[in-house]
Structure formats: C-alpha cells, structure tokens
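Asks: Fold the stuff below for me.
(chains A and B)
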There are 2 protein chains.
Amino acid sequence: MEEKKFFEVLYNSNEAGVKARAGIIRTSSSDIETPVFMPVGTLGTVKAIEHRELHEINTEVILGNTYHLFIRPGIEVLENAGGLHKFMSWNKSILTDSGGFQIFSLAKLNKVTEAGVEFSSHLNGDKYYFTPEKVIEIQRILGSDIMMPLDECLPYPSDSGLIKESIKLTSKWEKKCFDYFKLTQDMYGHTQRLFSINQGGTSFEFRKNSIDDLTRIDFDGHAIGGLAVGEEIARMYDMVEFSTDLLPEDKPRYLMGVGTPVDLLECVEKGIDMFDCVLPTRNARHGRLFTTNGEVNLKSLKYKNNFESPDEECKTYTSMNFSLAYLRHLFISNEILGIQLATIHNLGFYMDLMTKIRIAIKRDSFKELKKSFLEKYFSNVEESTAK
Amino acid sequence: MEEKKFFEVLYNSNEAGVKARAGIIRTSSSDIETPVFMPVGTLGTVKAIEHRELHEINTEVILGNTYHLFIRPGIEVLENAGGLHKFMSWNKSILTDSGGFQIFSLAKLNKVTEAGVEFSSHLNGDKYYFTPEKVIEIQRILGSDIMMPLDECLPYPSDSGLIKESIKLTSKWEKKCFDYFKLTQDMYGHTQRLFSINQGGTSFEFRKNSIDDLTRIDFDGHAIGGLAVGEEIARMYDMVEFSTDLLPEDKPRYLMGVGTPVDLLECVEKGIDMFDCVLPTRNARHGRLFTTNGEVNLKSLKYKNNFESPDEECKTYTSMNFSLAYLRHLFISNEILGIQLATIHNLGFYMDLMTKIRIAIKRDSFKELKKSFLEKYFSNVEESTAK
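Replies: Presented below is the predicted three-dimensional model:
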C-alpha cells in the first residue's frame, strides 16, 4: 500500500484571478485541511486557552517557538518528557519555528557568521550559540511535526547591499539545515518534516533569488519570511502574489506571521496555504474582539449597557453565552475570565473564517465569500481599523 | 400541593460526637446539596474559570460581592441587565454578601452610626452611604437567591467594650434589614431569601448574645461572621462548636470565609452546612495546588522533571491531562493557562471533597473519611502547611 502523501492539493479554484487552492497536509499527528490558520503557542501553550477549547474550534496544528522553549523549560526537560507533544499534552500537529525570528528581534545579537549566530537571552542575558545544525537538533528533540530552518531576519527597512548578503547567508544556513536534517533521525517514532524560509524583504529581485536558491532543495514546504514587519500592506500583498508564482504547486506555502482576517482572505486568494499570527490571541488579551461586523474594543464605554452578543453570526462559547456589557465589565475589572472568553472568540472567529474559506474554494465561490465578508467586516466604520 | 421547603435536613449523622448533617437548600435557581462549598465570584466571575467549568464540577451556588458589584459595573447596569444572574449568564444559585465585610476591611471608613455607614471606595475614593435598607435594596436589584444583611465587622483583636457595642449595632442593623426585606418584593419573579450574620469575635458571651438576638427573627438561615480573621484556629473551631449548639436545627448554618480543606472537615463535623472561601481560587493564582497528598507549590524546582499527574486520585481536567512539570513551566513562564488549570483543579478538589463528605455523612462514615483524608493530606510533610 502506498504511503499517503504529506501534502496534496485537492482543489484549485477555477475563479478568474483566484490562485487559492484547498488541500491537505498529513502529519503523523493529524490531517490538516488547508488553507489553515495555526494558533501561536509560543511557550507550549496557546495563551489563555485550554487544549480542549482548541479542539472544540477544530485546531489541527499549533505553533511552538524553538527560541522560547529552548530557554524555558529548556531542552533537557523537553527531552525527558519525550518531546513537546508529550510535555504539553497536545496530540495534534505542531510546527516549530527555528528561533531565527526571535534571535533577530528579541535577543541581543553578539555575532553572526556563516557558521551560526551568537546571542544573549532576552530574559537573563545568558549567551547561546545557534548553528543551522543546532536548530535542527533542538527541533528533533522537540519532535515537532514540521520544523523550520535557521534564517536571518533583517529589520525593515534594510539597505539593499545588506539584504543581498543576508539572503546568501540564509541560503547557506538552510542548505546546512537540510543536510543535517537528512543525516538525523526522528526521535519519537513519528515523521518530522522540514520547510524552507525565503527572505528578500520587499525586493522582487532578492525575493526571487532566495526562492530560486531554496526551491532547488527538496524541502517539504516553503515559507515566505520577513514580511508583515512594517512595510506597506499593498507591497506585502504584491510580494505574496509574486512569490506564490515562483513557488512549486505541489508543496505547501506558508506565509509567516500574517495576519488580520483581511490579510488571510487576500493571501489565500494569492495561493497561500498556511498562516500563523499572534493577533487573535494578543488582541484578546487587550480586550479587542474580531467579529463578523469588524473589530470591537470591549473596553469602550458604549458597551456599558449593551446586553447583546458581541457576534450573532460567529457562534462561539463566548458569543453564544455572554453580552458585550459583561465582557466589558470583565476587562474594566481586570478579570482573567475576560481574556479567556475573548481568546476563545477570536480564535474561534479565525478558525470559522478558514472553514468558510476552504468550503468556498471548493465551490468556486471564494470571491463571493470575500466580498460578503468584507462588506460586513467594514460595515461598522467607527470600530474597524486597518490593523 | 405544598411548596417544597427552602431547607431540609435529610440526614443527621449517628456517629458519636459528629454533629454533621446532610441536607438540601432549594432556591428558585437550583437545588443545593449541603454541606456545600460556594466558590467566590466577587465581581460576577469566579476568577479564571468559565461557567461551563463550574457546571462541570457540579457548582450549584456561587458568591457575589455586593460592595464590589455596587462599584463595578454599578447598580444601574445590573438593573438594566435584569439582575446579576442575567448579567453574568449564571443560571444556578447566587448568594450575595451585604458588603459589610468589604466596607470594614477594604474601604476607607468615614462614619458609622445606627442609621448606616459612610465610606470611600477603595478604587477611586468616591463616597457612598450604606444603610440596612440600602443593602437590601441593592441585593433586590442584584436578584441574588440568598441575601445577607448589613453587619459591622470589627478587626481582630478588638476591645471587649467595642465588641459589645458592635453586636448591638449589628443586631439593630439586621433587624432593619429584615423589616425592609419583608416590605419589599422580589424583582425578577424568583424568590429571594435573607440570612442573619452573628458576630461577637471569639467571646462566647458576646457570640451568644448575638445569636440570641438574631435567632429570634425569622431569617431563612444563619451565618457565623467575624471568624477566620486571625484568631487561633483551635479557638475558631471552639466558637463554631459553641455556635452550632445555639443555632436552630431547621435553618442552614453558614460559616463565612472558611476555609482550608481541613477546616471544612472540622466544621462540617461541628454542624456547618455552608462555606465560602477565596483559598482555592487565590492559591491557584499563586501556583499552589490542593491535592489528595497535601498542598503543592507548583513553582518548586523539584517538579522540573516530574511528568506525573499532580493528583492521581482527584480527577479533574487538570490532573487527568497535565503533568507537574508542565504546570510548573506555565507558572514559571507567567502563562495564564497555568492559573486556569490550577483553578480548575483546586475548585474541583474542594467540590470533590464536599461530595465525599455528603456521602460519608449519609453512611455514618464521616469520621472514617476525615481520618483517611487527613492521613493522606498530611503524608507529604514537606509540602503541607497549616494554611
């Protein structure tokens, strides 16, 4: 019997100008229907939501952050536990980043060479040295279903000479990651996969160079990195459009760190299969709700006596049981339950949107979905913001 | 057809020296088996736990705090919502305190007279004036199933002259509460009840005076107030023993603000039917777990690589799914999920203990339960603390 493919495109949209596709990613842990949104579980927990609640909203894959997990609880604990799945009691898929993004955005950099990067922890200043081989080794111990290679993440904007050098370094690092990946074994009896991350900022030329370099290697999927870091949103969309034309059709395409509900619709349309973003969970912690009628600031005085549901259409535990006035009260009173309920709703809203997107793609009604979604989402001009 | 009684004692223990009884309190919202532990829901939320999770552990009644709710979200909002049940979407019973305890412990006191008490909010210094009538009026608007009267709560220790005057004032206030209660109507079509609160510190004489005064009035139940405020624990137990001998058998007896699992066992034995305490929820927020084998400090280094359940015997969502090492990691990393999971376990543990207590009373095996519970609970000397 033939082994089932890791990734299959099940349906390509027939709508004009719509590059969206519906597919499936099969890991040893779960079958993931694409396009998919992956909640961010930085430290082995998607913040303020229980695992059973993630299951309830049909979460098949979450993210883990190699950099953060390496520091806390540390690799020794994770190895003793038998990997991240067992440590955190999460039986669905996990994708781990390489730590690159955090090293270059959070940690204090000491030295970057072709061999690797030396940095100091943002928590206590402890010095560490990550090499391409080391990040694979760590992710072998984490036992994530999908691993990411070490890449250099430049700040935006960066000088073009710098970008040119950087994508060369990234290509070299990722090649080393791939080679080391092929040399090493899965530790816990389940198959691990490795993606590439292309860089190049918002330069078409550099982005093409990076994609060309990396698609020559047989990675299991390809991620677009270094976007949504401050550039114009239209430019980001252009880069995505440009990149998906260059990426192979038979591999999943992952747009890292994106984005708003609008971004998801725009980028699915341009052929993206996978997303992750802290927005739904982070906004929840600040009392900002994503709803069918746009963003809602729960702390607003205008909800003080509003006993309606925050979202009549997107049915979550939160929207089906609690009023805007009650949710406002919880945030005004700094009650943790407010964060819990807002997180359940925001992630539920994202998951619900992705389900609708997958159905619409298969029915060739993606454009219709996008139009009706955006009409409602921006109907409440006062509340809605670009991001 | 005769209306079912508000309170019935269904079984009196036949064990020597055991005054425990199993009964039932019937409110318009739910049937509450006693002895019962009532989770504290200060501001219209039991901190860090969802309503469905309270249902899951068989919570039939929670507390609300009149003082806190009066300040936030305010009486106008609660009235517009149609009462506290509707505001917070809680369909089981609610008991509200009168605000007395908070006024005397949290707020800045301005003036106490026979007519009432003037105080400044602990939040913003706003001045308010509570009278016995006013606290009934507020609780009519809250629509709680069980209301408490205004009482004066003295600090411990207090001068005996002061206590003597204070219990006189408390008796007058509570008489006024009762009269006003009888003059006013339920607002939302369900029956509200009113308890008394006796005071008297740790003086047998004053406590008796207070109980004598208050049991002459036909309150629906009687609470013992002003204990567990710093006195010796043995003295507290003595006062409870003394008080339950004086309290009528056909009314529920509520020991306010108590206590540890050990306190629950001791005071059920002495004839208490109702308890409330912030310990399970507050300790959870600080990473302290109540378990079958005693208290566990989840932040302890010794759990770093302990992949066992925190409690093999008391089965909660937390103990059945997560390890000590994972819970420790969540607390060390300041992750909200740690607080959620600890809260679920601690309240689950308390509820489970109360269920076991009710069963044991009916089987005349309360002493056996207490012995075996305490043996295990104090088996891990290193971890367990008196409180």
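Asks: Toward the C-terminus, what is the element adjacent to the longest helix out of those in chain A?
Replies: For chain A, the helix with the greatest residue count under DSSP state H is helix A:336-362. Where DSSP states H and E defines the elements, the next helix or strand beyond helix A:336-362 is helix A:366-377.
Asks: leaving aside the residues next to it on the chain, what's closest to the closest residue to chain B within the stretch 101-250 of chain A?
Replies: The nearest approach of the stretch 101-250 of chain A to chain B comes at A:L123, 9.8 Å away (Cβ to the nearest Cβ). Any C-beta I mention is one placed from the backbone N, CA and C, and that applies to glycine too. Spatial nearest neighbour of A:L123, excluding adjacent residues (Cβ to Cβ, 6 or more residues apart in numbering or on different chains): A:I71 at 6.0 Å.
Asks: do the same with A:E56
Replies: What sits nearest to A:E56 in space, not counting adjacent residues and going by Cβ to Cβ, 6+ apart, is A:Y317, at 7.6 Å.
Asks: Would you check that A:I94 makes contact with A:V61?
Replies: Yes. Between A:I94 and A:V61 there is a contact under Cβ atoms under 8 Å: 6.9 Å.
Asks: shared neighbours, the two?
Replies: Common contacts of A:I94 and A:V61 (Cβ atoms under 8 Å, 6 or more residues apart in numbering or on different chains): A:145-146.
Asks: which stretches of chain A have low pLDDT?
Replies: The model of chain A has pLDDT under 70 over residues A:1-2, A:381-387.
Asks: what residues are up against A:S365?
Replies: Contact analysis of A:S365 by Cβ under 8 Å, 6+ apart lists A:E15.
Asks: do A:L214 as well
Replies: With contact set as Cβ under 8 Å, 6+ apart, A:L214 has these partners: A:171, A:174, A:196-198, A:222.
Asks: Around chain B, which positions in the stretch 1-150 of chain A sit nearby?
Replies: A:43-45, A:47-52, A:72-73, A:76-77, A:80-81, A:86-89 (Cβ under 8 Å from any Cβ of the partner chain).
Asks: Wait, a helix at A:G64?
Replies: No. Going by DSSP: H, G, I helix; E, B strand; the rest coil, the assignment for A:G64 is strand, not a helix.
Asks: what's the burial count for A:E232?
Replies: By other Cβ atoms under 10 Å in any protein chain shown, the residues close to A:E232 number 9.
Asks: Please apply the same query to A:N110.
Replies: Look at A:N110: counted by other Cβ under 10 Å, it has 12 neighbours.
Asks: how about the residues of the stretch 251-387 of chain A near chain B?
Replies: Contacts of the stretch 251-387 of chain A with chain B, taken as Cβ under 8 Å from any Cβ, map to A:304-305, A:307, A:317, A:321-323, A:325-326, A:328-330, A:332-333, A:335-337, A:339-341.
Asks: and these, which are buried?
Replies: Listed as buried from these are A:304-305, A:307, A:317, A:322-323, A:325-326, A:328-330, A:332-333, A:335-337, A:339-341; burial here means 16 or more other Cβ atoms under 10 Å in any protein chain shown.
Asks: still on that earlier bit, quick one: which of the contacts of A:L214 sit in helices?
Replies: Within those, residues falling in helices by DSSP H are A:171, A:174.
Asks: Would you mind giving the contacts of A:L214 as CSV with neighbour count and distance to chain B added?
Replies: Below are these laid out as CSV (neighbours: other Cβ atoms under 10 Å in any protein chain shown; distance: Cβ to the nearest Cβ, whole Å):
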residue, neighbour count, distance to chain B
A:S171, 21, 34
A:E174, 28, 29
A:S196, 31, 30
A:I197, 28, 26
A:N198, 27, 31
A:H222, 24, 31
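Asks: Grab the two from the contacts of A:L214 that are most spread out in space.
Replies: Greatest spatial distance in these: A:S171 and A:H222, 12.9 Å, computed using Cβ to Cβ.
Asks: picking up where we left off before, would you check how far apart the residue nearest to A:E56 and B:N58 are?
Replies: The gap separating A:Y317 from B:N58 is 19 Å, by Cβ to Cβ, to the nearest Å.
Asks: Likewise for A:L43?
Replies: Distance, A:L43 to B:N58, by Cβ to Cβ: 32 Å.
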